[in-house]
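**Student:** any chance you can model this:
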Amino acid sequence: MINFSLRYMSELELPAKRGTFVEFRTGLINLCPVGRSCSYEERLEFAKFDTENQVRLKFKEALEKEFGDLGLQFAMGGQISIDAFPKGWDKTFCLQFVENDGFEEIHFFGDKTAAGGNDHEIFEDPRTVGHTVTGPDDTKEQLKKLLGI
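**Tutor:** Predicted coordinates:
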């Protein structure tokens with residue numbers, strides 16, 4: 001998967017490419033076409049370019065086609081990357097630790113809640129009440145409304 005991803009990303013024509021394109025994290029591999037070392041301005045430029053050209057969506061689809069039968073799941077995370085992890089290790093994994101603790105409701109707030117986003121599975125899970133947010137300020141406002149404060 002690493003060789004495939006590096007080859008795929010090397011052939012992309014992007015506004016910029018900076019540094020770490022593959023990052024090993026606990027429980028997942030993060031693949032970043034623009035590179036994790038990009039500046040904030042380059043991050044925003046890539047995010048706009050990605051929205052217009054579907055760079056990550058096409059990359060995700062290529063990964064699913066190539067490696068989908070190996071028990072891996074791919075999700076677009078944040079503004080610039082794709083997460084690769086074993087099926088079942090998405091954000092719903094945490095629910096097994098709290099679902100039997102007597103909570104009446106479990107609320108989840110996330111920005112990538114559409115299909116293919118790294119918040120989608122937990123947002124859609126029947127054990128949660130999902131909320132789509134645009135950032136920290138929106139999260140704060142939605143919490144104020146929810147809590148009546």
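**Student:** please name the nearest non-neighbouring residue to residue 111.
**Tutor:** In space, residue 111 comes closest to residue 133 once its chain neighbours are excluded; the distance is 5.6 Å by Cβ to Cβ, 6 or more residues apart in numbering. Where you see a C-beta, it was placed from the backbone N, CA and C, and this is true even at glycine.
**Student:** go on, residue 90?
**Tutor:** Counting by Cβ to Cβ, 6+ apart, residue 90 lies nearest to residue 121, which is 4.4 Å off, once chain neighbours are set aside.
**Student:** so that neighbour, which of the three states?
**Tutor:** Residue 121 carries the three-state label helix when classified by DSSP: H, G, I helix; E, B strand; the rest coil.
**Student:** could you check how far the nearest residue to residue 38 once chain neighbours are set aside is from residue 103?
**Tutor:** Spatially, and ignoring its direct neighbours in sequence, residue 38 is nearest to residue 18 (4.2 Å; Cβ to Cβ, 6+ apart). For residue 18, the distance to residue 103 (Cβ to Cβ, to the nearest Å) stands at 42 Å.
**Student:** elements contacting the helix or strand containing residue 24?
**Tutor:** Assessed by DSSP states H and E, residue 24 sits inside strand 22-25. Strand 22-25 sits against helix 2-10, strand 28-31, with contacts defined as 3 or more Cβ pairs under 8 Å, 6 or more residues apart in numbering; DSSP states H and E.
**Student:** so which elements touch the worst-scoring helix or strand of the chain on mean pLDDT?
**Tutor:** Within the chain, no helix or strand scores below strand 72-77, which has a mean of 88 by mean pLDDT, DSSP states H and E. Counting contacts by 3+ Cβ pairs under 8 Å, 6+ apart, strand 72-77 packs against helix 55-67, strand 81-86.
**Student:** in its sheet, which strands sit next to the shortest one, and in what direction?
**Tutor:** Looking back up the chat, that one is strand 81-86. Partner strands and pairing direction for strand 81-86 (DSSP bridges) are strand 28-31 (antiparallel), strand 72-77 (antiparallel).
**Student:** buried set for that strand?
**Tutor:** For strand 81-86, the neighbour count (16 or more other Cβ atoms under 10 Å) marks 81-85 as buried.
**Student:** ok, now stretch 97-111?
**Tutor:** Burial within stretch 97-111, assessed by neighbour count using 16+ other Cβ under 10 Å, is assigned to 106, 108-111.
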